[in-house]
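Asker: The sequence isn't on hand, but the structure is:
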């Protein structure tokens, strides 16, 4: 039986990178100016918040508690080899500090972006291997100002960087959610030069999507067509991503930031097979048929065999890559020509292709 490693740990990040199409993880900058991989605003404990905020703590104090340095992740050969391969995707989410830390937003973002840039500069990463995200609406402006070369995107709706309870944070995000729609977000982000949207699942699924001003989108019928005509080849990442919605989301061209990284789960709730690497190791007709016809008892072995037999995206023949992308582009109304869609496929999978991304590596293990 698989034991889930702690979120944002080196073990979790390496597991998600191998098991899925890539990983999402959170970065903060500590009191010594080091990038650390940590989600929450402060360490658990009692007393005032300020002394426990990550941005006020020394690197040695954090690493002694198991917090991973971004630099150490980059130096891990197993992780970095997959990152550089052109098959996997890494989503680096910048977490903003609690207000008690007293940091200026633009200065703080610039400092973190410079650290990301300097730490990854010598890795020779494919251009579509990495995206940097944040709830801060200043991210795009700051990245443009400093000439940051990695794609960035803002997460919507904006979640404030403080507050003990997730439900309270969601409540404060509700006004923005109501006042924005996917078509409007896509227009604004495209005009800013962003290649993807990171958004809550409720934008495309559930009754909440009908509470907003503007056209709603969905996963089927007219709603799905409006989604595709809004994105026009932009990437879309959603969270959470329950197993029962994986097929619908992937078919809609939406990438999943998933907490379901258990390798022992080979079937979804409806009994269909679960393939965790649709982008980085796409199934061909033979393996699709074998998995679809397999019994529950056979499925784990068939999935394991497929994983060891199928080539990764980087190893696929050019005509196979092109066929996959052209089918997706036609079906989802990507802008541009077919020739433009298949340009530079050696530098990673187009953002409009759907992926399964491991949330905090192997799935969240605490908090929200």
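Answerer: Great, that's in hand. Keep in mind that what you see is a predicted model, and the values were worked out from it rather than measured.
Asker: use CA for all of it now, contacts and neighbours both
Answerer: OK.
Asker: What separation is there between residue 101 and residue 42?
Answerer: 10 Å (Cα to Cα, to the nearest Å).
Asker: which strand residues sit across from the closest residue to residue 91 other than its chain neighbours in the sheet?
Answerer: In this structure, residue 91 finds its nearest non-sequential neighbour in residue 24, 4.5 Å apart by Cα to Cα, 6 or more residues apart in numbering. As for beta bridges, residue 24 partners with residue 91, residue 359 under DSSP bridges.
Asker: what number of residues lie near residue 24?
Answerer: 26 (other Cα atoms under 10 Å).
Asker: One more: residue 65?
Answerer: By other Cα under 10 Å, the residues close to residue 65 number 9.
Asker: picking up where we left off before, so what's in contact with residue 101 and residue 42 at the same time?
Answerer: Common contacts of residue 101 and residue 42 (Cα atoms under 8 Å, 6 or more residues apart in numbering): residue 53.
Asker: Neighbour count: the two, which is higher?
Answerer: Neighbours were counted for residue 101 and for residue 42 using other Cα under 10 Å; residue 42 has more, 19 against 15.
Asker: ok, now which ones touch the more buried one?
Answerer: When contacts are counted by Cα under 8 Å, 6+ apart, residue 42 touches 49, 52-54.
Asker: which among these end up buried?
Answerer: Buried members of these, counted by 16 or more other Cα atoms under 10 Å: 52-54.
Asker: okay if I get the residues you listed as CSV plus secondary structure?
Answerer: Listed next are the buried ones among the contacts of residue 42 as CSV, based on DSSP: H, G, I helix; E, B strand; the rest coil:
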residue, secondary structure
52, helix
53, strand
54, helix
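Asker: what separates the helix or strand where residue 83 lies from the chain centre, distance-wise?
Answerer: Per DSSP states H and E, residue 83 falls inside helix 77-84. Here the centre of helix 77-84 is set off from its chain's centre by 17 Å, with Cα atoms, centre = their mean, to the nearest Å.
Asker: Which other helices and strands does it contact?
Answerer: In terms of contacts (3 or more Cα pairs under 8 Å, 6 or more residues apart in numbering; DSSP states H and E), helix 77-84 is packed against helix 10-19, helix 70-75.
Asker: Now stretch 121-139: buried residues?
Answerer: Quick answer for stretch 121-139 (16+ other Cα under 10 Å): 125-136, 139.
Asker: For residue 12, state which of those is nearest.
Answerer: Comparing the buried residues of stretch 121-139 against residue 12 with Cα to Cα places residue 130 closest, at 18.1 Å.
Asker: what's the pLDDT at the residue of the chain most remote from its centre?
Answerer: In the chain, counting by Cα atoms, centre = their mean, residue 47 sits farthest out from the average C-alpha position, at 33.9 Å. pLDDT for residue 47: 85.
Asker: isn't residue 303 right up against residue 291?
Answerer: Yes. Applying Cα atoms under 8 Å as the test, residue 303 and residue 291 come out as touching, 7.3 Å apart.
Asker: Compare the two and say which is more crowded by neighbours.
Answerer: Taking other Cα under 10 Å, residue 303 and residue 291 do not tie; residue 291 has more neighbours (24 against 21).
Asker: check which helix or strand covers that one.
Answerer: Going by DSSP H and E, residue 291 is part of helix 285-293.
Asker: Against which helices or strands is that helix packed?
Answerer: Going by 3+ Cα pairs under 8 Å, 6+ apart, helix 285-293 lies up against helix 296-309.
Asker: The helix or strand following the helix it packs on packs against which elements?
Answerer: Using DSSP H and E, the helix or strand that follows helix 296-309 in sequence is helix 318-331. Judged by 3+ Cα pairs under 8 Å, 6+ apart, the packing partners of helix 318-331 are helix 338-341.
Asker: one more time with 6 Å, if that's ok
Answerer: Helix 318-331 makes packing contacts with no helix or strand when contacts are defined by 3 or more Cα pairs under 6 Å, 6 or more residues apart in numbering; DSSP states H and E.
Asker: Contacts for it next, please.
Answerer: residue 342 (Cα atoms under 6 Å, 6 or more residues apart in numbering).
Asker: Poorly predicted segments of the stretch 201-350 of the chain, please.
Answerer: Scanning the stretch 201-350 of the chain for pLDDT under 70 picks out the ranges 207-213.
Asker: In the protein, what residue spans correspond to strands?
Answerer: Secondary structure of the chain (DSSP state E): strands located at 22-29, 35-37, 68-69, 89-94, 130-134, 152-156, 196-200, 235-239, 255-258, 356-359.
Asker: Dump these into JSON lines; add distance to residue 11 as well.
Answerer: Formatted as JSON lines, the strands of the chain follow (distance: least, Cα to Cα, whole Å):
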{"stretch": "strand 22-29", "distance to residue 11": "12"}
{"stretch": "strand 35-37", "distance to residue 11": "13"}
{"stretch": "strand 68-69", "distance to residue 11": "10"}
{"stretch": "strand 89-94", "distance to residue 11": "15"}
{"stretch": "strand 130-134", "distance to residue 11": "20"}
{"stretch": "strand 152-156", "distance to residue 11": "26"}
{"stretch": "strand 196-200", "distance to residue 11": "25"}
{"stretch": "strand 235-239", "distance to residue 11": "22"}
{"stretch": "strand 255-258", "distance to residue 11": "17"}
{"stretch": "strand 356-359", "distance to residue 11": "12"}
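Asker: So which of those strands is the most surrounded?
Answerer: Highest mean neighbour count among these (mean count of other Cα atoms under 10 Å): strand 356-359, with a mean of 31.
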